[in-house]
Every structure is written in structure tokens, then in C-alpha cells.
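>>> sequence and predicted model, in that order:
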Amino acid sequence: MRPLRRFAAASALVTTVDVATLSALVFGAGVAVAAADAVAVAVASVASWVVHRRVAGAGDPFDRWVDRPAAFVVTAGLTGLVDVAVLGAVVAAGPGSSPAAARIVAGKALALTLAGTLRLASYRIGLVDDTRRHLARGVGRGAPPGDLRLTVVVPSYQEEARIGDSVRRIRQALSTVEADGGAEVLVVDDGSTDATTAEAVSAGARVVSMPANRGKGAAVREGVLAAHGRTIAFVDADLAYPPEQVLSLLREVEAGWDVVVGSRRHVDSVDVVRPSLVRSLSGRLFNLLTAVVLLGRYRDTQCGCKAFRSDVAALIFSRARIDGFAFDVEVFHLVERYRLSLTEIPVVLEAAAGSTVRVGVEAVRMVGDLFRVRRWSARGAYDLTSADAVPAPGDRAIRRPAGARSP
């Protein structure tokens, strides 16, 4: 049975234990409703702990509450009090000297609903704190594998008009890196029918050509898995962010962070030209919807300026599945899931004309992809196997960049 179904079945079993215990004590043994409900809640809480420990996939960040016994006990105590109080109030409000079965059933249903909602909210708060703590825990690891110091992946589709200039600008920005450890610009041609590949090659890029257009997520994934750098970054072909910012990403990855992401919402970020109102509003709304998938509070998931250690990148992108623009959120989810470290840095956003993105169509697709990620996660699609290896942490703590806040 898949994890989501197991979780639902376990919850139904615990609820049955709660209701059955209450009924047996009230109608079978004549115990007062308040006392019987307190015992029923206690029995159900113990059953919940045992059953969910056995069935919950604790690899999923949303299920990690099963690994926090202290938080579970406190939450169970508080929600138990709510359950008893609500049921008692409903029964006391009814007429007659003895409580009728109908009032007990109605009161218990309301009590279970309110207590369950409070319980879920409490677990969510605890999981957010746990996730943010792990994200901010930068540790020094051993040197990542790779023949070069840096690879910059540039996903491209129908970009013949500007890809050559973009490649030249990136190479110029990376001249010092090329001289000290080596760097490459890797253009991924996402099924273009124009001269994107030829223009990129003539400008000095290595090119991976995809036979058909699949989307930015697929292109970035192909590029990352083909990269030779010990640090792997990706930027957009329009260079909406000056290519010199890749050096900031590189510096933070080499300082010990597993993942470094640019954030347009960072207090030190600069917008040279403001995005359109439609893009700005849709971006903020999308960030709110990411709560379906993510526990960390990220200010900007969609910034096209991110970098990774090569071994971390291989771990993440070998498991990633989203081909479209929501792949960034999937990446954040996998960072949370595998307990990797992440920091946000400021960026400069410049004007870039000629985007091939259809905002309305992609927005609908991105929202759908969010729910796919959550569904796949609950079903265990992102679970690691014995062959997967998360890089072992070192003993050197990493300082968060000045002005940065925990995600």
C-alpha cells in the first residue's frame, strides 16, 4: 500500500479506536462522558504514535513529526483537552438529565474535527521550525567531484538571436575562474528549430541538444547531469541577472553551502527595471501556493540563478521529474527532503526582452505540477535507495552571508 493510503488507513484506525473506547466506557460501563472521553483520547494517542511510527514515511518532510516524541506528547495533550472540552460542552448544552447518544455522536464528531485541525497545524509549525533549522545548518564537506571548478548551465529554446552574445558575456565574467580551476558554459538546446546550437558553439559553449522541446526543467536537468564542474550553476539565456553574479554563487558553494539560490525578495536585491504587474502578482501568488509542497519560507523560488555542489546536484536532479517551470519548487522540496543546507543571496535583476514564456499557460501548468510533486512525494517517488549517497558532513560550520535570513 502506498504511503498516502497507509497514512489514511492509520488515521481511520486511530479514530475508530477513539470512538470505540468512548462508546464502550459510556454505554457499556456507565462512565461519565468527560472521564470516558479523556481515557479514549489517551488510548487513541498511544495508538496513533505506535501506528504512525510504523506506517509514516519519515523520509518525507511532512511526516517527520513521528520522529519528535516530545512535540507529539505536547500536541496530543493540548488537542486532547480541546476534544474533551468540546464534547463536554455539546453534551451539557442538550436537554434532559442524561446525555443522549445523538448528542454524544454529534459532539464527538465536532471534537474530532477541531482537535484534528489543531493537531495538523501544530505539526506543521513544528516541521517548519525543524526544516528551517536544517537548511541553515551549513557544514563543510569534502571536495565535490568534477574535472572543472565551475559549470554554468544555460537552458535555451529558440535563442539564436541572443545565445551567442550571452555565452560570450558569461565566459568573459568567468575569465578568472577559467584561469584558476577551469570553467565551462554548457548550453542545453531544448529542441530548438532555429540556429541556437550553431550560435552557441561558435561563441565557445559546449552544447547538449535535446531532440524535442520538453521544458526548462528538463533542459536544466539534462545540463546538470552532463556537467563537469565541481560547482554547477544555471542561469537563463536572456541573462536577466548579470553573469558576474555567478561568481557570488560560486563563492558561497565553495564556502560550504550545498545549495545557493538568488532571491529577488532579498533585502539587498536590486531591480533595475521592475517586472510587469502581471508577472509580479503571479509570482507572489505562486510563492504562496508553494506551501502545498514546501515547509521552508522562501522569499523567491523562481529566481533563475542557482548553484549546487556537483554531488548534491547529481543527487537532486537524478530524482527530479518536473519538466516545466515548477521544477525549481521540486528542487527546494528535495533539498528539504534530503536535509541539505541552503542559503539565499541578493541579486540584481536587469531588463530582458523577448521572453518565450507564456505567462498564463505556464501558470496553470505550474500549479498543477505543485500538486504532482506533493502526490509523488507522499507516494515515495523521491525516496532514496541504498545506492544513493548524501555527501557526508564535515566538522566545519558555515557562516550565513551577511544580511541573509533563514529560509
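Nice, thanks for sending it over. Being a predicted model, the structure only gives us computed values, none of them experimental.

>>> would you mind measuring from residue 374 to residue 295?
Distance, residue 374 to residue 295, by Cβ to Cβ, to the nearest Å: 12 Å. For every residue, glycine as well, the C-beta is placed using N, CA and C.

>>> which residues outside stretch 9-25 are in contact with it?
Contact with stretch 9-25 is made by 1, 31, 35-37, 39-41, 43-44, 47-48, 51-52, 54-56, 104, 108, 112, as judged by Cβ atoms under 8 Å, 6 or more residues apart in numbering.

>>> pLDDT (mean, whole number) over that stretch?
What stretch 9-25 shows for mean pLDDT is 90.

>>> buried ones in that stretch?
Neighbour counts over stretch 9-25 (16 or more other Cβ atoms under 10 Å) mark 10, 13-15, 17-19, 21-23, 25 as buried.

>>> what about that stretch, distance to the chain center?
Centroid separation for stretch 9-25 versus its chain: 34 Å, with Cα atoms, centre = their mean, to the nearest Å.

>>> residue 232 in helix, strand or coil?
The three-state label given to residue 232 by DSSP: H, G, I helix; E, B strand; the rest coil is strand.

>>> circling back: could you dump the buried residues of stretch 9-25 to a markdown table with distance to residue 303?
Shown next, in a markdown table, are these (distance: Cβ to Cβ, whole Å):
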| residue | distance to residue 303 |
| --- | --- |
| 10 | 39 |
| 13 | 44 |
| 14 | 42 |
| 15 | 43 |
| 17 | 47 |
| 18 | 46 |
| 19 | 49 |
| 21 | 52 |
| 22 | 52 |
| 23 | 55 |
| 25 | 57 |
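
>>> inside strands: which ones of the residues you listed?
If you go by DSSP state E, the buried residues of stretch 9-25 have nothing in strands.

>>> so among the contacts of stretch 9-25, which ones count as buried?
For these, buried by 16+ other Cβ under 10 Å: 31, 36-37, 40-41, 43-44, 47-48, 51-52, 55-56, 104, 108, 112.

>>> closest one of those to residue 143?
Nearest to residue 143 among the buried ones among the contacts of stretch 9-25 is residue 56, at 36.1 Å by Cβ to Cβ.

>>> before we move on, back to that, neighbour count: residue 374 and residue 295, which is higher?
Taking other Cβ atoms under 10 Å, residue 374 and residue 295 do not tie; residue 295 has more neighbours (25 against 18).

>>> ok, the more buried one - contacts?
Residues in contact with residue 295 (Cβ under 8 Å, 6+ apart) are 61-62, 124, 127-128, 130-132, 336.

>>> swap the cut-off to 10 Å and go again
Neighbouring residues of residue 295 by Cβ atoms under 10 Å, 6 or more residues apart in numbering: 61-62, 64, 124, 126-132, 134-135, 332-333, 336-337, 407.

>>> roughly how far does it sit from residue 134?
Distance from residue 295 to residue 134, counting by Cβ to Cβ: 10 Å.

>>> list the residues that contact both of those two?
Joint contacts of residue 295 and residue 134 (Cβ under 10 Å, 6+ apart) are 61, 64, 336.

>>> circling back: narrow the buried ones among the contacts of stretch 9-25 to those in helices?
Judged by DSSP state H, the subset of the buried ones among the contacts of stretch 9-25 located in helices is 36-37, 40-41, 43-44, 47-48, 51-52, 55, 104, 108, 112.

>>> same list (these) but as JSON lines, adding pLDDT and distance to residue 260.
Converted to JSON lines, those look like this (pLDDT from 0 to 100; distance: Cβ to Cβ, whole Å):
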{"residue": "36", "pLDDT": "92", "distance to residue 260": "56"}
{"residue": "37", "pLDDT": "93", "distance to residue 260": "51"}
{"residue": "40", "pLDDT": "93", "distance to residue 260": "50"}
{"residue": "41", "pLDDT": "93", "distance to residue 260": "46"}
{"residue": "43", "pLDDT": "94", "distance to residue 260": "49"}
{"residue": "44", "pLDDT": "91", "distance to residue 260": "45"}
{"residue": "47", "pLDDT": "90", "distance to residue 260": "44"}
{"residue": "48", "pLDDT": "87", "distance to residue 260": "39"}
{"residue": "51", "pLDDT": "83", "distance to residue 260": "40"}
{"residue": "52", "pLDDT": "80", "distance to residue 260": "35"}
{"residue": "55", "pLDDT": "70", "distance to residue 260": "36"}
{"residue": "104", "pLDDT": "87", "distance to residue 260": "57"}
{"residue": "108", "pLDDT": "91", "distance to residue 260": "51"}
{"residue": "112", "pLDDT": "91", "distance to residue 260": "45"}
